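Undergrad: Here is my input, please return the structure:
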Amino acid sequence: MTKQQKTRTALVRLAWAVPATVVALLVVVLLARWLRDLPAVSAFVADYPGTVEPPESAPVGLPAWLGWQHFLNAFFLVLIIRTGWLQRTTVRPRGHWTRNNRGLLRTTNPPKKISLNLWLHLALDALWVLNGLVFMVLILATGHWARIVPTSWDVLPHALSVLLQYASLDWPMENGWVAYNALQVLAYFVTVFVAAPLAIVTGLRLSPAWPRNEAVNRAYPLSTARLLHLAVMAYYVAFIVVHVTLVLATGALRNLNHMYAARDEVSWVGFWVFAASVVVMVVGWVLARPVFVQPVAALTGKVTR
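TA: Residues are numbered from 1 along each chain as shown. Here you go, the predicted structure:
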């Protein structure tokens, strides 16, 4: 299949996918609104409005360091998803990299030629993990872990109630400056403490630096790691789409101030910081091309076309 044929096929699929998605969302909204009119469901929502009281030790408000952590995490994740998908779908890479087997890069495995897409993917992975370690230290040191770790089983019915309220387009009453709603708590907990470690563990298995130990590799097959790694990528894509949509739909100015300006008010400060961060992401997306990546990659190994 030629490139033009592939493009035409993709456009045809998109032409069907967009209206199908709109119809599916409309059905979900109508079903959710019908359910909320039922007396038993209405009583359930009243009993579990959506927010579980956080521990008394949980801090109120969002500090400035969380804003730049949020930006860095989003920046690295977007580029990691892009380079990972290119690595998976590109048949003939425009460049390759072979590491210098010395210093910090020295391993028991001999140097292996990899694509520039994979080199950039691994480099971004390292920066993302480093940023994640800083984040973990800060939330543990400041007590902010208590805002995203469930401390009561009541979080489950509250989360179900929030999901129903979101689906019916009747947003739950909440104040993210004081405490996240139950569905947010579960989503952030899974993202930080489940998806991130799973991405690291599976990514290490896919790395060319993984040790060639037959017993370990039989117990942890490459195919399993690849499948889980792809599933984690799909989770992050879904999380980003839903997260951004709800941030903008449920009070964009106030939410963006929480996330980027460390203030609980309705103003344009957080929006402009967010807009600047999007510009930086776009610039990073443009620079993540072989013509720009080659000089940087050449500092740590041999680059060939």
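
Undergrad: I'd like to know how many residues surround residue 189.
TA: Using other CB atoms under 10 Å, residue 189 has 18 neighbouring residues. In this view, the C-beta of every residue, glycine as well, is placed from N, C-alpha and C.

Undergrad: ignore the last one, residue 275
TA: Neighbours of residue 275 (other CB under 10 Å): 12.

Undergrad: again with the one 5 residues further on
TA: The local packing count at residue 280 equals 12, with neighbours defined by other CB under 10 Å.

Undergrad: Could you do the one 10 residues further on as well?
TA: Counted with other CB under 10 Å, the burial measure for residue 290 works out to 17 neighbours.

Undergrad: same check, this time on the one 4 residues further on
TA: Here the neighbour count serves as a burial measure; for residue 294 (other CB under 10 Å) it reads 17.

Undergrad: ok, now residue 34?
TA: As a burial measure, residue 34 scores 11 neighbours (other CB under 10 Å).

Undergrad: Correct me if wrong, but it is in a strand.
TA: No. Counting by DSSP: H, G, I helix; E, B strand; the rest coil, residue 34 is not part of a strand but helix.

Undergrad: how about the helices in the stretch 151-300 of the chain?
TA: Assigned by DSSP state H, counting those that start in this stretch, the stretch 151-300 of the chain shows helices spanning 155-167, 182-190, 196-206, 214-219, 222-249, 252-256, 269-287, 290-297.

Undergrad: average model confidence for stretch 124-132?
TA: Stretch 124-132 shows a mean pLDDT of 95.

Undergrad: Same check on stretch 32-41?
TA: When pLDDT is averaged along stretch 32-41, the result is 94.

Undergrad: sorry, back to before: just send the helices of the stretch 151-300 of the chain back as TSV, with mean pLDDT and distance to residue 19 too.
TA: Converted to TSV, the helices of the stretch 151-300 of the chain look like this (pLDDT from 0 to 100; distance: least, CB to CB, whole Å):
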stretch	mean pLDDT	distance to residue 19
helix 155-167	96	20
helix 182-190	96	28
helix 196-206	94	33
helix 214-219	86	46
helix 222-249	94	18
helix 252-256	95	26
helix 269-287	95	28
helix 290-297	90	37
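
Undergrad: Show me the one of those that comes nearest residue 147.
TA: Among the helices of the stretch 151-300 of the chain, the nearest to residue 147 by CB to CB is helix 182-190 (7.6 Å).

Undergrad: which strands and helices sit next to that closest one?
TA: Packed against helix 182-190 by the contact rule (3 or more CB pairs under 8 Å, 6 or more residues apart in numbering; DSSP states H and E) you find helix 155-167.

Undergrad: now the helix it packs on and helix 222-249, what's the angle there?
TA: Calculated by axes from the mean of the first three to the mean of the last three CA atoms, to 10 degrees, helix 155-167 forms an angle of 60 degrees with helix 222-249.

Undergrad: Show me what helix 155-167 is in contact with.
TA: For helix 155-167, the external contacting residues (CB atoms under 8 Å, 6 or more residues apart in numbering) are 28-29, 31-32, 35-36, 41, 44-45, 47-52, 171-172, 181-186, 246.

Undergrad: Just the buried ones from those, in PyMOL syntax?
TA: In PyMOL syntax, the buried subset of these is picked out as below (16 or more other CB atoms under 10 Å):
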select buried, resi 32+35+36+44+45+48+50+51+52+172+181+182+183+184+185+186+246
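
Undergrad: Tell me which of the helices of the stretch 151-300 of the chain lies nearest to residue 120.
TA: Smallest distance to residue 120 across the helices of the stretch 151-300 of the chain (CB to CB): 5.3 Å, for helix 290-297.

Undergrad: So what are the sheet partners of the helix or strand that the closest one is followed by and their directions?
TA: Next along the chain after helix 290-297, taking DSSP states H and E as the criterion, comes strand 301-304. Strand pairing for strand 301-304, determined by DSSP bridges: strand 96-99 (antiparallel).

Undergrad: Distance from the strand it pairs with to the middle of the chain?
TA: Its chain's C-alpha centre and that of strand 96-99 lie 28 Å apart, by CA atoms, centre = their mean, to the nearest Å.

Undergrad: what about the next helix or strand after it, average pLDDT?
TA: Proceeding N to C from strand 96-99, the next assigned helix or strand is strand 114-115, under DSSP H and E. Across strand 114-115, pLDDT averages out at 90.
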